[in-house]
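Novice: Next one to model:
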Amino acid sequence: MTHPTFHGIERPCGPSLPPVRPREQPSLRSHHLRRMEQVLDHVESHLSKDLSLERLSDCAAFSPFHFHRLFLAWSGETAKEFVRRRRLEMAAGRLRHCPNEKVTAVSRSCGFASPEAFARAFREHFGMTPSRWRSGGWNDWRAPADDGRTATRGRVELRHFDAKECLYMRERGDYGHSSEILYARFVPWVDSLGLSDRPMLSIGLDDPAITRAAHCRMDACVELPAGWQDPGLRAMRKSLPAHWAACLHYEGPSSEIGRGWNTLLTEWLPTSPFALAEGHFIQRCEPGSPPPGSPFVRCELCMPVSAQ
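Specialist: So this is what the prediction gives:
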């Protein structure tokens, strides 16, 4: 496979030399974009592992030099900055929603070499210690959009989901706007592939109460039937592992869906015999229901859980 390079234009031999054009900014072709998104997915599932520049560039099949330049130009932050930010954001979420998990265990599971390194990095990013954050300091970071609302009442059901293969598209930005934009592209594409009879999933990869809106990522997914063959589109594909989830039925305006998540996180979880598990928070829409991003939705909100 040939990898792109971004060198300046060489001067030809001879007495007359044309002016040298400035180097072009690196850009991503569709197959390069697919590789970069796969790197982000690798980071999400390996936050406690080695995520060095060399490891990530191997994952993307670029040299470290070219990967560094491409990632920075594409995302606006270096790979190292992205990994550090995601580790801290994941830790902040666990500190807030897993009160029985020790700070040292959180730091270790999120890839920090020592509690001291974690505390220092956390203070630099959030302006407070992990303990202060856990005891309520997160309120001073940014007021979550939905925490002041009355929670939606409903019965929470514990369900086991088998491993699934999905096709997906990704959009960045404030969830309130990116969802509509994303599904306006995604739904016709799913229909064209003959997959409109399959469940659709919306996965917010970042907690908007912790991650700044510009960095929030949302995946629109459609579950694939067993044995599905890509007709040559080389569509982006991801695997969702088998998992247990606490599921809450929600029916209402998309703009109010945070009330359902609030019920799961702040009302049901603290009084349940379960703990928040690693994994995605998934909005699941069955065939025939309005897809995620519609003004009105009928769906299940599924939060990953494990035994205490």
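Novice: separation between F112 and Y183?
Specialist: 36 Å (CB to CB, to the nearest Å). For glycine as for every other residue, the C-beta is placed from the backbone atoms N, C-alpha and C.
Novice: now do H243
Specialist: Taken as CB to CB, the span from H243 to Y183 is 24 Å.
Novice: Same question for N100.
Specialist: 37 Å.
Novice: More neighbours: these two, which one.
Specialist: For N100 versus Y183, neighbours defined as other CB atoms under 10 Å are more numerous around Y183 (23 against 7).
Novice: buried residues in stretch 283-298?
Specialist: Using 16 or more other CB atoms under 10 Å as the test for burial, stretch 283-298 gives Q283, R284, C285, S289, P290, P291, P292, G293, S294, V297.
Novice: Now the fifth one: phi and psi?
Specialist: When read as degrees, to the nearest 10, the backbone of P290 gives phi -60, psi 140.
Novice: how much space between the residue lying closest to it once chain neighbours are set aside and P99?
Specialist: In space, and not counting its chain neighbours, P290 is closest to V297: 5.3 Å by CB to CB, 6 or more residues apart in numbering. To P99, V297 is 31 Å away according to CB to CB.
Novice: same check, this time on L224
Specialist: Distance from L224 to P99, by CB to CB: 37 Å.
Novice: Could I get the buried residue list for the host helix or strand of E157?
Specialist: Under the criterion of DSSP states H and E, E157 resides in strand 156-161. Within strand 156-161, the residues that count as buried by 16+ other CB under 10 Å are V156, F161.
Novice: what packs against the very next helix or strand once past that strand?
Specialist: Reading on from strand 156-161 to the C-terminus, the next helix or strand found by DSSP H and E is strand 164-172. Strand 164-172 sits against helix 175-192, strand 217-223, strand 237-240, with contacts defined as 3 or more CB pairs under 8 Å, 6 or more residues apart in numbering; DSSP states H and E.
Novice: now the shortest one: how far from the chain's centre is it?
Specialist: Average the C-alpha atoms of strand 237-240, do the same for its chain, and the two points are 13 Å apart (CA atoms, centre = their mean, to the nearest Å).
Novice: Sheet-wise, list the partners of the helix or strand that comes right after it with their directions.
Specialist: Next along the chain after strand 237-240, taking DSSP H and E as the criterion, comes strand 243-253. Take DSSP bridges as the rule and strand 243-253 pairs in its sheet with strand 156-161 (antiparallel), strand 296-307 (antiparallel).
Novice: Out of these, flag the one nearest P231.
Specialist: Closest of these to P231 is strand 156-161, at 26.6 Å (criterion: CB to CB).
Novice: Contact partners for the residue positioned nearest the centre of the chain?
Specialist: Centroid-nearest residue in the chain: L205, 2.3 Å away (criterion: CA atoms, centre = their mean). If you count contacts by CB atoms under 8 Å, 6 or more residues apart in numbering, L205 has them with E44, C216, R217, M218, D219, H280.
Novice: does the fourth one have beta-bridge partners, and which?
Specialist: When assigned by DSSP bridges, M218 has beta-bridge partners E171, G204.
Novice: Wait, it touches S179, no?
Specialist: Yes: counting by CB atoms under 8 Å, S179 is a contact partner of M218 at 6.2 Å.
Novice: Overlap in contacts, these two.
Specialist: E171, S202.
Novice: picking up where we left off before, quick check: the residue nearest to P290 touching E286?
Specialist: No: if you go by CB under 8 Å, V297 and E286 don't touch, sitting 11.2 Å apart.
Novice: Pipe the helices and strands packed on strand 164-172 into TSV and attach distance to P253 per row.
Specialist: Formatted as TSV, the helices and strands packed on strand 164-172 follow (distance: least, CB to CB, whole Å):
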stretch	distance to P253
helix 175-192	12
strand 217-223	18
strand 237-240	27
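Novice: Same list, those, but as a markdown table with mean pLDDT and distance to S48 please.
Specialist: Listed next are the helices and strands packed on strand 164-172 as a markdown table, based on pLDDT from 0 to 100; distance: least, CB to CB, whole Å:
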| stretch | mean pLDDT | distance to S48 |
| --- | --- | --- |
| helix 175-192 | 91 | 26 |
| strand 217-223 | 96 | 20 |
| strand 237-240 | 93 | 19 |
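Novice: Thanks a lot, see you next time.
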